[in-house]
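Chemist: Here is my input, please return the structure:
(chains A and B)
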Amino acid sequence: MKFYFIGEGTTGMESIKILHCADMHFDTPFTELPHIQAEKRKEDLKETFSRIIELAKKEDVSLLFISGDLFDNERIRKTTVEYLMRKFQEISLIHVFISPGNHDPYHNRSFYNIVSWPENVHVFQGGIEKIFIPQKNVCIYGAAFSQSHQKTSLLKNFHVDDENVINIMALHGDVVSGEQESNYNPIAIEDIRNSGLDYLALGHVHSYSGIFKEENTYWSYSGNPEGRGFDEVGSKGILIGEVGKGWCNLEFREVCKRKYFDKEVDISGIRTYEEIIDTIHEEVTEQHANENLYKIRLTGEIQEDFHIYPEILEEKLKNDFFFIKIVDYTQIQIDYESLSDVFSLKGIFVKEMMQRIQREEEITEKEILEEALKIGLQALEGGEIHIE
Amino acid sequence: MIIKELYIGRFGKLQDISFRFKNGLNVIYGENEAGKTTLQAFIKAMLYGLNARKKSIRDNERKRYLPWSGERASGTLTFEDSLGTVYLIKKGFGSKKAEDEQTVIHSITGKEAEHIDFEKPGMTVLGIGEESFEKTICIKQLSSQIIQDKEDEIMQRLTNLHQSGDEDTSYNKAIRVLEDVKRKLENKRCTGKLDKLKEHREILKEESRQAFQRHEEIIESEILLKELYKQKSVLLQKIEELENKKERIRKYKLYQEYKKLIECREKINFLTEKKEELRQFLMLNGEEIEASFLSDLEEKYSSWNQFKIEQDKTEFRKKQLEEEIKENQVKLEELAVFENFGEQETLKLISYINENKMLREKIVEIQEREKEIEELEGQLLEEEKRFREISVTKEVDKDFEASVYQAREKLKELQYRQSDGSSQKKSMLLKKEILDNQAKGLSIKMGIGLLIALGGIVGGLMLNPILYGLCILGLLCCLLVFRQKRGLAEEIKKTNESIKKCEDDVLLEKEIKELTSFLHQAYNALGASDFEEFKKKLEEYRKKESQLNVFRTKIEAKRWQLENNEYEDLQQRLFEQELYVNKILESCACKTPEEFLKGQENYRNNVLQKNNLEKEKNKLNVKQESDQKNMRELEKNIYEYLYGLNIQNVSIDTLKEIIEELSEKINQKKETEKEIDSIKNIYYTVLKNRDQETIKKELGDFIPEETDKMLEDEKTVDSFFQEIHQQLFAIQEQIADVSHDIQKKEESGRNVDQVEEELSQVSEKIRYYERKIRAIDVTLQCLKEAFQEIQKDFGPKLNKKVGNILEQITEGKYEDLKISEDYQVRVTDPIEKEMREIDYFSNGTWDQIYFALRLGIIQMIFEEDKKPFLLLDDAFVQYDDNRLEAALDYLYEYSKENQVLLFTCQQRESNQLKEYENINFISI
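Modeler: Now for the predicted structure:
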């Protein structure tokens, strides 16, 4: 284990103020968004990171932990690296600790290694390192991914050197229970329990986990400070507060610029686009909705002659939201009674399709069959079929 | 629907004509060109309007049926619908569709029937479109085949037989639409949306791969850059060290310069003081003396000195002169004897001495001459004696000499004449002999010539006339010889004359003899034997004679001289002179006149010297006086000059030392000034336009250390410095290159994340469309299955219906057939009991099959009580009589329930149909 001292003096402290964040994923693509929005989101990310730096300054924190996946080493732009350096220089009095994760592992070709980071930044480089800050009476631990996979736990059998000081560790990885496996540093609860740490600042999981306690060790995933897709919905932020010997009063602070929402909107019985739009607006209750990103899943039964073109809806709604994506999951309202008795092409077709849908268990296939039913009806009506 | 009445105002060739149709069978007969087709077209135009889509007149209905005159086509059609209501369709056609007028009115009320489509009343009333109309109820000759069209109304109607509300669903159309959509997404030519997206995806994948690679390269460059920065910082550190060193060297150098400046300053101060002292010393009346002052003084002093030296010289000379004068005095006293003799006496003495000598010489000369004359007279006597010996006989005079010469000349001439005559005669004789011999030869030649001539004549006569030529030749020879002989004879004559002449000269000899004897006498006189000797003797004679004459003249001249000399006078004068000379010599006690002359000259010289010495003495006295005066003046002048100077009580003699001292001081002052200047020069050179104070400030608290002396010189440091700078420069250049390279790479394409974003968008779309295609595939599959089920239902019905009709019109020959969804019909050949394609059958059967198909379809798609009229246009042309009869039978039966309009141009049908009742025949 490497060991460093930072600063001089032995003035002991009761507690230390920290900021814990993780998973910024600078320059990882926003694949769900079109070009312009994707670029805006990247800028949002910078804005949010700047806000975190400002917050650290304003709240006068002593230590800033970044628990991995700060950027994507295979994609990061030079300008982003320069931006990060600038930002770290702005808080030259705050010690910054970075535990590289699976997207930004520490190795020869890592930007952590290539670039000379400001003096207040410490990047962990492999197995667990220890840094003692006597004037704060704090001992910092950390470790790094050295490639994109870390199949064995970096925390395995770890125990702090000195239980009398405040011990904090930053780490990137998957908390698993028991003997569960993971490619991303499987951290066993047991190891946390036995670590003797006062706080374990974790990264990797993109949503705030809440603060847990095992024995005397508090641990938490701060989540990422800015959502990256419709699978990362809701509030995003960081953890800020004090850590003392055997206690902590960290709190989650929202810092995100925009949020992702995934909503289901039932439009049964609706026959016009206008009504759909009104319904969507009714369903979107969040404040500053126009700054957020929405995925609206339309559901319910609609008339067979009412065709929904999501693009048209998106076009109509695009000015009301930062981004909106409409997915049509509606089903056609079918009068089975009237159809089942009639011996006609349509009747036979609908009956056949319904049977298939009912038989199908796989959801995607079911969806395809639903779609096929809609298309078939549309074709039999003699109408043109538009697929955009 | 039943057509009740037609009125054609104007349509094609038909004009203002009405037709009335009944229920049942109506037969419209007309010959070709009568207007049957026009009438059918009129009915169709009433029901569906005129199309103008096709270009050829035959196919373009509007062009075909509008009157050429430009009038509008117009007409009415009265029909009864299935409910029994009668309507009137009224239409007027213009050259364009827009110009058409049309209305459908209730025939009784006259109200417009709004539920009917005015433009295409057929659509409403018959329930089928134009294409279906032509494929079902309008049966034309040779074109009864049914082909599936775009709308496929027939199939739509066939499949919807059992549907209640969805008459509009069409299987074929639905399939086509779906397949169209699918094709638009994905096709073999890869122009579908999905195809293009996939292509785009491949491009993006490649771009993404390149972007990743570029990023990797950027990382490599960044690593290199890091190394370069490291090297740069090492160099910068070195540079800083060197700069410090350089500064130290500079300061040290500056310090040394400063030291030097201070030294210079001190020296300058010291020298300035010294100069001031000298200046003070050299002050005279408030002004500083200069070199010119000294040179003036020196000049004066030197001229004073010159005078002094001159005076000394004069003094010395004066003393010398005194002594010389004394000496001269003594000498003059010694030579006082000569004082009495003047110049006259001396000159006389000298002339006497000279004359004495001359007189003595003259006397000796006279004595010698007398002796010479005596000798010459003796010689003359001797000579005269010898001369007499030469001329023995007589005196030789001039005349004698001349006569000898004359005689000799004449003798010579005569002798010559004699010898010349004898030799001439001899040669003449010889010549005559030769000539005679020649004359003889010529005579012989002539004889031969004559002989030849003669021979020629004879020969000519006797032998051959050619031989006359020989005769001529012979004669010619004779002629030639004759001429020669004549010339020779003349020559001989001349020769003879000459010989005669020579014999006359004998007379001469006598005269010669006379002359020879005379000459012998003459030679003897002089003792000579011949003429040559004579001449010699004569010359000798003449010479001696002249010698004698010279002697005589000489002797005479000498005698004359002697007679003039006064020998005695000379003796007298000589005596007198010797007396005078001796007298003088005695008085001066001189032995020789020379001694006297020397003594006298000596005396005279001393007198001259005495005068000169006295003159010089006077001159010197004058000079001495003036010199002394000058010196006094100069002295006065010099003292004036020196007055005011720090020097007092000096004698002129020490002036030189004073001058030297002053000059020394001036020089010293000059030297000091020079030295000050040179130090100042050094000072300013070291200062180099700076300021001593600034240097002092710049030095600050610099204290030289012992090690400073050990520092390299600035140049070495500079060169090292330069080397490092070059290295730094190279590194910086490299850094710039690598940075530029990175920047270029970053700018050379989109970033990985941007490409991935687009790639993901495209992939999402591809997934979306693929899903759509899958859905369409499922739809198609399902629809086909559904159709097959329907077909199971209507197919057999149609087959049966058409089979029945076919059986009836073929008199039971064919009955089993199958109709596909695209109206392809297959019929069982009753003989071979095998299903065959329709093309297998004859044209007549072919027509019949389709006739049956059409009627079958009509029966299937129209409800029993809503069947429309049936329109047939020469449909049976290809039928044989039996089949025609069967068809007409069937048609007749059919017309009992439905209206049939049968157009024909053949009597065959009319004739056959005349057997039936209730048939409405119309002919046009």
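Chemist: confidence score at residue 127?
Modeler: Reading this off chain A. Note on A:Gly127: pLDDT of 90.
Chemist: Hmm, no, I was thinking of chain B.
Modeler: For B:Gly127, the pLDDT comes out at 77.
Chemist: Three-state assignment for it, please.
Modeler: The three-state label given to B:Gly127 by DSSP: H, G, I helix; E, B strand; the rest coil is coil.
Chemist: how close does it get to A:Glu90?
Modeler: 82 Å (C-beta to C-beta, to the nearest Å). (Glycine included, C-beta is placed from N, CA and C.)
Chemist: contacting residues around A:Ile368?
Modeler: If you count contacts by C-beta atoms under 8 Å, 6 or more residues apart in numbering or on different chains, A:Ile368 has them with B:771, B:774-775, B:778.
Chemist: OK, contacts around the residue in the stretch 1-150 of chain A positioned nearest to chain B?
Modeler: Closest approach between the stretch 1-150 of chain A and chain B, counting by C-beta to the nearest C-beta: A:Thr31, at 3.4 Å. Neighbouring residues of A:Thr31 by C-beta under 8 Å, 6+ apart: A:38, A:229, B:756-757, B:760-761.
Chemist: now swap in B:Ala211 and tell me
Modeler: Counting by C-beta under 8 Å, 6+ apart, B:Ala211 makes contact with B:749-752, B:755.
Chemist: Would you state the strands of the stretch 51-200 of chain B in chain order?
Modeler: B:73-80, B:86-93, B:101-106, B:138-140 (DSSP state E, counting those that start in this stretch).
Chemist: and B:Val86, how many neighbours does it have?
Modeler: Look at B:Val86: counted by other C-beta atoms under 10 Å in any protein chain shown, it has 14 neighbours.
Chemist: ditto for B:Cys588
Modeler: Using other C-beta under 10 Å, the number of residues around B:Cys588 comes to 15.
Chemist: Correct me if wrong: B:Glu509 contacts B:Gln418.
Modeler: Yes. Using C-beta atoms under 8 Å, B:Glu509 is in contact with B:Gln418, at 6.7 Å.
Chemist: more crowded one of those two?
Modeler: B:Gln418 (15 against 11).
Chemist: about what we covered before: any chance of the contacts of B:Ala211 in a markdown table, with distance to chain A too?
Modeler: As requested, the contacts of B:Ala211 are exported to a markdown table (distance: C-beta to the nearest C-beta, whole Å):
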| residue | distance to chain A |
| --- | --- |
| B:Gly749 | 12 |
| B:Arg750 | 10 |
| B:Asn751 | 6 |
| B:Val752 | 4 |
| B:Val755 | 8 |
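Chemist: Which of these are buried, as a PyMOL select command?
Modeler: This is how PyMOL selects the buried members of those, with burial counted by 16 or more other C-beta atoms under 10 Å in any protein chain shown:
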select buried, chain B and resi 750+751+752+755
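Chemist: Farthest pair within the contacts of B:Ala211?
Modeler: Maximum pairwise distance among the contacts of B:Ala211 (C-beta to C-beta): 9.5 Å, between B:Gly749 and B:Val752.
Chemist: So what's the predicted local confidence for the residue of the stretch 1-150 of chain A closest to chain B?
Modeler: Looking at A:Thr31, its pLDDT reads 90.
Chemist: okay, now B:Lys623: neighbour count?
Modeler: Residue neighbour count, defined by other C-beta under 10 Å, stands at 15 for B:Lys623.
Chemist: Repeat that for B:Asp874.
Modeler: 18.
Chemist: For it, which residues are in contact?
Modeler: Neighbour list for B:Asp874: B:140-141, B:903-906 [criterion: C-beta under 8 Å, 6+ apart].
Chemist: Relative to A:Glu361, which of those is nearest.
Modeler: B:Lys140 (57.8 Å).
Chemist: what about that closest one, neighbour count?
Modeler: Neighbours around B:Lys140, by other C-beta under 10 Å: 15.
Chemist: Apart from its neighbours in sequence, what residue is nearest it?
Modeler: Residue nearest to B:Lys140 in three dimensions, not counting chain neighbours: B:Asp873, with 4.6 Å by C-beta to C-beta, 6 or more residues apart in numbering or on different chains.
Chemist: Can you pull the phi/psi pair for the one you found?
Modeler: Phi and psi for B:Asp873, reported as degrees, to the nearest 10, are phi -120, psi 100.
Chemist: Report pLDDT for it.
Modeler: At B:Asp873 the predicted local distance difference test score is 83.
Chemist: likewise B:Asn637?
Modeler: 83.
Chemist: Look up how far chain A lies from it.
Modeler: 100 Å (C-beta to the nearest C-beta, to the nearest Å).
Chemist: Touching, that residue and B:Lys300? I think so.
Modeler: Yes. The criterion here is C-beta under 8 Å, and B:Asn637 meets it with B:Lys300 at 5.9 Å.
Chemist: Tell me where the model's unsure across chain B.
Modeler: Along chain B, segments meeting pLDDT under 70 span B:52-59, B:141-153, B:156-169, B:389-398, B:420-423, B:501-507, B:561-566, B:644, B:646-650.
Chemist: can you tell me which helix in it is longest?
Modeler: Determined from DSSP state H, the single longest helix within chain B is helix B:193-281.
Chemist: starting at the chain centroid, how far to it?
Modeler: Relative to its chain's centre, helix B:193-281 lies at 47 Å (C-alpha atoms, centre = their mean, to the nearest Å).
Chemist: Just after that helix, pick out the following helix or strand.
Modeler: Downstream of helix B:193-281, the first helix or strand assigned by DSSP states H and E is strand B:283-284.
Chemist: Indicate each strand paired with that following strand and its parallel or antiparallel sense.
Modeler: strand B:287-288 (antiparallel) (DSSP bridges).
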